[in-house]
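Colleague: turn this into a model:
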Amino acid sequence: MSVFQKLVLASGSPRRIELLQQAGIEPDRLFPADLDETPLRAEHPRSLAKRLSRAKAEKAQEGLARDGEGDAFILAADTVVAVGRRILPKAELVDEASNCLRLLSGRTHRVYTGVCLITPSGKLRQRLVETRVRFKRLSREELESYLASGEWRGKAGGYGIQGLAGTFVVKMVGSYTNVVGLPLYETVGLLTADGYKVHFNWLAGTRA
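Modeller: Below is the predicted model:
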């Protein structure tokens, strides 16, 4: 009996692809969703992460339906970094990254990731994961050197914990993979609960 199941990742993020591969999952297709990610007025960071992850999944679902590929599991995620209710941007300019890192320096912030799964039958499931992260107080040299590295580009809050900024973390409470961009425990739980054979590749010995 065939166990082939199609999984579409509604993202082009290399970090999310790598995390899925770490769990022995290889997406069959990437379907990045081009969305306006501007927070709504007075929107809480938790609500933003959930809203955007759902919007990404639903946009991918619409696109796949147009392509005649409606028989797939669709997985989407969105990560938001916040200090209190203040939502930090996905830094694209050095000034944005600098402002984010100055705000995070010596403080605790929260990272929220909304994960959304749409099954081939159209059932929608969501999870929201929260991690608390405390940064050391950054020296001028650390700040300038990190900005010069360019690792901050395109990352929520102006940093990527899996890179150089991992040296800034004093304490973390919660999921590390959540901060990278896709909480694996919750993601695998969503997939297995709705019938996706996450462990088939493990049993078949095809995991790299």
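Colleague: residue closest to the middle of the protein?
Modeller: residue 181 (2.9 Å; CA atoms, centre = their mean).
Colleague: doesn't residue 78 make contact with that residue?
Modeller: No - at 9.1 Å, residue 181 and residue 78 do not qualify as touching, with contact defined as CB atoms under 8 Å. (Glycine included, C-beta is placed from N, CA and C.)
Colleague: what touches both of these two?
Modeller: Common contacts of residue 181 and residue 78 (CB atoms under 8 Å, 6 or more residues apart in numbering): residue 113.
Colleague: and the next helix or strand past the top helix by length along the chain?
Modeller: The helix that spans the most residues within the chain, counting by DSSP state H, is helix 45-66. Downstream of helix 45-66, the next assigned helix or strand under DSSP states H and E is strand 72-83.
Colleague: what average pLDDT does the longest helix of the chain get?
Modeller: Confidence over helix 45-66 (mean pLDDT, whole number) is 96.
Colleague: contact partners of that helix?
Modeller: 8, 10-11, 31, 33, 35, 37, 39-40, 43, 70, 72, 74-82, 85, 87, 110, 112-118, 124, 126, 128, 130.
Colleague: mind listing the helices for this structure?
Modeller: Under DSSP H, the chain gives helices at 14-22, 45-66, 94-104, 140-149, 176-180, 184-193, 200-204.
Colleague: what's the closest of these to residue 162?
Modeller: When the helices of the chain are compared by CB to CB, helix 176-180 sits nearest residue 162, at 5.2 Å.
Colleague: distance of the nearest residue to the residue nearest to the centre of the chain once chain neighbours are set aside from residue 38?
Modeller: Closest residue to residue 181 apart from its sequence neighbours, by CB to CB, 6 or more residues apart in numbering: residue 15 at 4.5 Å. To residue 38, residue 15 is 22 Å away according to CB to CB, to the nearest Å.
Colleague: those two: which is more packed in?
Modeller: residue 15 (18 against 10; other CB atoms under 10 Å).
Colleague: isn't the more buried one up against residue 162?
Modeller: Yes - using CB under 8 Å, residue 15 makes contact with residue 162 at a distance of 6.9 Å.
Colleague: measure residue 110 to residue 81 for me?
Modeller: Residue 110 is 8 Å from residue 81, by CB to CB.
Colleague: more neighbours: which of these two?
Modeller: Higher neighbour count among residue 110 and residue 81: residue 81, with 26 against 18, using other CB under 10 Å.
Colleague: buried residues, the lowest-mean-pLDDT helix or strand in the chain. List them.
Modeller: In the chain, the helix or strand scored least confidently by mean pLDDT, DSSP states H and E is helix 200-204, which has a mean of 74. Neighbour-count burial for helix 200-204 flags residue 201 (criterion: 16 or more other CB atoms under 10 Å).
Colleague: just how off-centre is that helix within its chain?
Modeller: Distance of helix 200-204 from its chain centroid, counting by CA atoms, centre = their mean, to the nearest Å, is 25 Å.
Colleague: same question, stretch 32-43
Modeller: 15 Å.
Colleague: picking that back up, how about the residue nearest to the centre of the chain, what does it touch?
Modeller: 13, 15, 16, 19, 77, 79, 113.
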